[in-house]
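Visitor: When you get a sec, could you give me coordinates for this:
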Amino acid sequence: MAKGRKKTAVWQGFLAGGLLTLGIYLLGLLFLTLLLVKGALSEGGSFPMVAALCALASLAGGLLTVRLTHWRAGGALTAGAFLFVLLLAGLGFGGEITWAGRGGVLLLCGLAGGLLSGAAGPRKRRRRK
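Guide: Residues are numbered from 1 along each chain as shown. Reported below is the predicted structural model:
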């Protein structure tokens, strides 16, 4: 009988991390919208909160991917897939993205979260004999 956890497939780890990233981001946007409508958050403070939310969502999904796949580059790949979805949504709804303005900053925040998740991932441990 084998001891320990069952190994999941790599694609299952990426799917779980990507879904967690999108879920956190969408729920966070709903919560920030509620704060804006109620007046608890000013319009000027909304973009820094969205950028922080993007970084945190990317970090959480990347950490889950790294933990499930034991592949440290998985965090950056999950962040890349998340940012690609954001890019497609921005192009689909807005028509264009200003790279020098807030669009580029949002993508950089998401990428930073993915890179941090890879750096904070589990280290390989040596087995003792």
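Visitor: Identify the residues contacting stretch 22-29?
Guide: In this structure, residues lying in contact with stretch 22-29 by Cβ atoms under 8 Å, 6 or more residues apart in numbering are 50, 53-54, 56-57, 60-61, 82, 85. (Each C-beta comes from the backbone N, C-alpha and C, glycine too.)
Visitor: Derive a ChimeraX selection command for the buried subset of those.
Guide: Selection of buried members from those for ChimeraX, criterion 16 or more other Cβ atoms under 10 Å:
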select :50,53,54,56,57,60,61,82
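Visitor: any chance of the contacts of stretch 22-29 in TSV, plus secondary structure and distance to residue 108?
Guide: Shown next, in TSV, are the contacts of stretch 22-29 (DSSP: H, G, I helix; E, B strand; the rest coil; distance: Cβ to Cβ, whole Å):
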residue	secondary structure	distance to residue 108
50	helix	13
53	helix	14
54	helix	9
56	helix	14
57	helix	14
60	helix	18
61	helix	17
82	helix	13
85	helix	16
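Visitor: pLDDT added to the contacts of stretch 22-29, as TSV?
Guide: Formatted as TSV, the contacts of stretch 22-29 follow (pLDDT from 0 to 100):
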residue	pLDDT
50	92
53	94
54	93
56	94
57	94
60	93
61	92
82	91
85	89
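Visitor: Output the contacts of stretch 22-29 in TSV; the columns should cover distance to residue 16.
Guide: Below are the contacts of stretch 22-29 laid out as TSV (distance: Cβ to Cβ, whole Å):
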residue	distance to residue 16
50	24
53	20
54	19
56	17
57	14
60	11
61	8
82	13
85	15
